[in-house]
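J.: no sequence for this one, just the structure:
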């Protein structure tokens, strides 16, 4: 009988009432607001509650349905229904007074959530406009990858003539160690040394929720096309030595760990094995980061076939960045996020752009940013979703330079909201660059302040030779560090996107704002709760932002990595001491 716990889960979007994420597939955009608490048996609106109703009406000028729900705790007497229903009626009557064209409805419902009891929930439904037909076939926006012919077919990180190649930026994606459709089967294990801290008795108690989140993430972002499956080794793998005595030879250390795996582990169809170290590591001459095995050279020890054998470096198990830096407890909580980042690399994605280190996605930063109000997002850019086939072709609004004889309109559903008719706009400009537009919201997998929503617009160059992932001094969007993509800022934004080292918020395009670049003007004409109305047209302005790809690209095609050992007491550079491992956190 196998003693390995298999974990396969599905994403659950559960709430007591409808949420925007649940309504994305319907014809309505849903906006919700809960009024402040009523006092005692009051059934009339206070001044504050009236202002909340008014703000809700004003925020939804095209609303067709305005529903007011009085909420009773489920075990309260039925007589409470009368009170909460009167409160709901008062809210809807006031909304109707403000906008006589509204279709209002009041009701009462029970709840098991005490925080809602006695309150009134406003639910506003507005018709979602439909996108224009995509002006060009999506195939015209599947821009070919521009790597030289001798590099085509090599995944990110492969060595050619002694150099590591970047991954595909254009089509088709060269898939890496793991597939991008179907499923990937992985083993997860926790490993300790004599001098490290086994902080949990049973590994499943920690790894179980982490790998469940990874599976949920994969099903959501692939729209059901793909998922990561895990089996968790149920006991600690204990290495009988101190961590300071561990070898610096990755393969030897991997073999020592694998030798301790129980016989019950099932290696059939396993693609990879991921290790979580017990904290308290003391590496001597190495940082415990492991990556053993590849497509060309599978890692096999006797009958044990763990696939790619991988473990994070010591940096992920300690406080870093000083008093206001990133704490180990936060890194531990977001282990799943960092693992997804590495899994995506192994599937062939470059990641790390646009805005490397910014809190716009787990390709750029895998942990909440302590310098940006703990902002965090587990999204990946719409272009890389498109490249992987995780966006349907029909969800990409393709515009070529020949289409810009008049204004083209697309209705974008935010990446964080499931489904949607359109998820991305791709503009083929006729140059070596494309422009990509995606809609974003502070919901679901994106943990931003509520005010942060709108468009992110970026340019990408499929012909780029080198990808510079981890350089000291890079604030994430600086073209002197070659990356596949860079954010474009709104036309009215004074900050220079090349050297911006603070929060991502300045890159967000708000309602009424435009981005003009390469003769194309992109405007967020209207922003609703769960969709953005975007207009694209030709502009006489060729470039509104002096942001060019570097003319001094290295002649080689290497990926740039930081190879030197970095301990918790060291910094990368005076300018950018926050640049460590897999992303550079924007400075304060």
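T.: Arrived safely, thanks for sending. For clarity, every value in this text was computed on a predicted model and none was experimentally measured.
J.: which residues of the protein fall in helices?
T.: 47-59, 80-98, 203-221, 250-259, 328-333, 335-346, 382-388 (DSSP state H).
J.: and these, which one is worst for confidence?
T.: If you rank the helices of the chain by mean pLDDT, helix 47-59 sits at the bottom with a mean of 92.
J.: Now do that one against helix 80-98: the angle between them, please.
T.: 50 degrees (axes from the mean of the first three to the mean of the last three Cα atoms, to 10 degrees).
J.: Which elements pack onto helix 47-59?
T.: strand 28-34, helix 80-98, strand 120-127 (3 or more Cβ pairs under 8 Å, 6 or more residues apart in numbering; DSSP states H and E). Any C-beta I mention is one placed from the backbone N, CA and C, and that applies to glycine too.
J.: quick one: strands adjacent to the first one?
T.: Strand pairing for strand 28-34, determined by DSSP bridges: strand 120-127 (antiparallel).
J.: among the helices and strands packed on helix 47-59, which is nearest residue 223?
T.: Minimum separation from residue 223 across these (Cβ to Cβ) falls at strand 28-34, 19.8 Å.
J.: And stretch 425-443, end to end?
T.: Stretch 425-443 stretches 21 Å from its first residue to its last (Cα to Cα, to the nearest Å).
J.: and that stretch, how far from the chain's centre?
T.: Here stretch 425-443 is found 16 Å from its chain centre; the criterion is Cα atoms, centre = their mean, to the nearest Å.
J.: That one - what's its average pLDDT?
T.: 94.
J.: which ones are touching residue 462?
T.: 143-146, 169-170, 432, 434, 484 (Cβ atoms under 8 Å, 6 or more residues apart in numbering).
J.: ok, and the most crowded of these?
T.: residue 169 (27 neighbours; other Cβ atoms under 10 Å).
J.: Let me know the outermost residue of the chain.
T.: residue 79 (46.3 Å; Cα atoms, centre = their mean).
J.: and the closest residue in space to residue 367 that isn't next to it in sequence, how many neighbours?
T.: Spatial nearest neighbour of residue 367, chain neighbours left out: residue 334 (5.1 Å); criterion: Cβ to Cβ, 6 or more residues apart in numbering. A count of nearby residues for residue 334, using other Cβ under 10 Å, gives 21.
J.: Next one: the residue sitting nearest the centre point of the chain from residue 386, what distance?
T.: Most central in the chain under Cα atoms, centre = their mean is residue 379, positioned 1.5 Å from the mean C-alpha point. Separation of residue 379 from residue 386 (Cβ to Cβ, to the nearest Å) stands at 13 Å.
J.: ok, now residue 255?
T.: For residue 255, the distance to residue 386 - Cβ to Cβ - is 40 Å.
J.: Residue 158 now?
T.: With Cβ to Cβ as the criterion, residue 158 and residue 386 are 23 Å apart.
J.: rewinding a little: which residues sit in contact with the nearest residue to the residue nearest to the centre of the chain once chain neighbours are set aside?
T.: Nearest non-adjacent residue to residue 379, counting by Cβ to Cβ, 6+ apart: residue 361, 4.3 Å away. Contacts here follow Cβ under 8 Å, 6+ apart; on that basis residue 361 touches 377-381.
J.: Can you flag which of those residues belong to strands?
T.: Using DSSP state E, the subset of these located in strands is residue 377.
J.: shaky segments in the protein?
T.: 1-27, 295-296, 542-588 (pLDDT under 70).
J.: My read is that residue 239 contacts residue 261, right?
T.: No - if you go by Cβ atoms under 8 Å, residue 239 and residue 261 don't touch, sitting 11.7 Å apart.
J.: Comparing the helices and strands packed on helix 47-59, which comes out most buried?
T.: strand 120-127 (a mean of 22; mean count of other Cβ atoms under 10 Å).
J.: Give me the contacts around it.
T.: Contacts for strand 120-127 (Cβ under 8 Å, 6+ apart): 17-18, 27-35, 38, 49, 52-53, 56, 60, 62-71, 84, 87-88, 91, 95, 528-529.
J.: Which of residue 255 and residue 386 has more residues huddled nearby?
T.: residue 386 (23 against 17).
J.: For the closest residue to the more buried one other than its chain neighbours, which residues are in contact?
T.: Excluding the flanking residues, the one nearest residue 386 by Cβ to Cβ, 6+ apart is residue 396, at 5.7 Å. Applying Cβ under 8 Å, 6+ apart, we find residue 396 in contact with 134, 138, 141, 386, 422-426.
J.: residue contacts, residue 91?
T.: 35, 45, 49, 53, 68, 106, 120, 122.
J.: Assess the claim that the first one and residue 54 are in contact.
T.: If I follow you right, that is residue 35. No - between residue 35 and residue 54 there is no contact under Cβ under 8 Å: 11.5 Å.
J.: higher neighbour count, these two?
T.: The neighbour count for residue 35 versus residue 54, taken as other Cβ under 10 Å, is higher for residue 35 (22 against 15).
J.: Measure how buried residue 109 is and give me the count.
T.: 17.
J.: no, scratch that, I was asking about residue 533
T.: For residue 533, using other Cβ under 10 Å, the count is 19.
J.: Report the beta-bridge partners for it.
T.: residue 411, residue 526.
J.: residues contacting it?
T.: 129, 409, 411, 524-527.
J.: before we move on, what about residue 317?
T.: 277, 279-281, 328, 331.
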